[in-house]
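Novice: Kindly generate the corresponding structure for this input.
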Amino acid sequence: MPRWVFGAAFGIGLLGVTVPPAEAHPHVWIDYRLTMLFEHGQIAALRQNWSFDEDFSAAVLRDVAGGKALKKLGPKEVKAIEQNAFSNLKNYGYFTHVFVPDGTAPTGVVTDFNAVLAGPKLVYTFTVPLAHPVAPKPGPVGIGVWDDTYYVDVGLAAGSAPELQGDGSAGCQAVPIADHQHPIYFGSVYPTVVKVTC
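Specialist: Presented below is the predicted three-dimensional model:
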């Protein structure tokens, strides 16, 4: 079964590998925050903030800094992280799933990537544009952020409610629910989907 490694060693840069299913349980953890950006009453893009677990963060920072202790990331380090530990995520849709009443909506190429340190944790911020804006009316739009292989456990940050911003977002609501229609890890895990209605 095809699996992939999420840069636990920064130098390998998210290479695709084959891992036995029994080893596919989470090895990396992400707490994310999500903001849906509206234009003219439609969802046009998704702003995301990913906070990584300390072990993954330390592994990336060791490679970025060449063994030196880092307390802050400069432009050089951010560029290296983007090129070696983030850009390959485009092959996996940036873990972003957008469901509309008649199927799924494709995403575009990420913009506004940045990486910072929040204490010992590495934090990514970026925007995922939708290839075509989608309207929550008349049917709801579902937005989920997860790794289908469950190598990475992605979950909403504790106490973080999804946000709606922009033209046409007033009167809409975003509610996180367990997605029973798209289970992962052999059907044993129900990821979270944010249901947007207006």
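
Novice: low pLDDT regions in the chain?
Specialist: By pLDDT under 70, the weakly predicted segments of the chain are 1-24, 67.

Novice: let's see 50
Specialist: 1-22 (pLDDT under 50).

Novice: in it, what residue sits furthest out from the centroid?
Specialist: For the chain, the C-alpha lying farthest from the average C-alpha position belongs to residue 68; by CA atoms, centre = their mean, that distance is 28.0 Å.

Novice: roughly how far apart are that residue and residue 34?
Specialist: Distance of residue 68 to residue 34, computed by CB to CB, to the nearest Å: 33 Å. C-beta here means a position set from N, CA and C on the backbone, and glycine is covered the same way.

Novice: For residue 82, which three-state class applies?
Specialist: For residue 82, the assignment made with DSSP: H, G, I helix; E, B strand; the rest coil gives helix.

Novice: what about the strands in the protein?
Specialist: 2-4, 16-18, 28-39, 42-52, 96-100, 103-104, 111-118, 121-134, 141-145, 152-156, 163-166, 173-178, 192-197 (DSSP state E).

Novice: and of those, who's closest to residue 81?
Specialist: Distances from residue 81 to each of the strands of the chain were compared using CB to CB; the minimum, 4.8 Å, belongs to strand 111-118.

Novice: and stretch 42-58, C-alpha only, in CSV?
Specialist: Output in CSV follows, covering the C-alpha atoms of stretch 42-58 (Å, rounded to 0.1, in the frame of the first residue of the first chain):
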residue,chain,number,x,y,z
GLN,A,42,-18.6,32.2,-2.4
ILE,A,43,-15.7,30.4,-0.7
ALA,A,44,-12.7,31.4,-2.7
ALA,A,45,-9.8,30.3,-0.5
LEU,A,46,-8.8,28.6,2.7
ARG,A,47,-6.3,30.2,5.1
GLN,A,48,-4.6,27.6,7.2
ASN,A,49,-2.3,27.6,10.2
TRP,A,50,-0.6,24.3,11.1
SER,A,51,1.2,23.8,14.4
PHE,A,52,3.5,20.7,14.5
ASP,A,53,4.4,18.4,17.3
GLU,A,54,7.7,19.1,19.0
ASP,A,55,9.5,16.0,17.7
PHE,A,56,8.8,16.8,14.0
SER,A,57,9.6,20.5,14.6
ALA,A,58,13.0,19.6,16.2
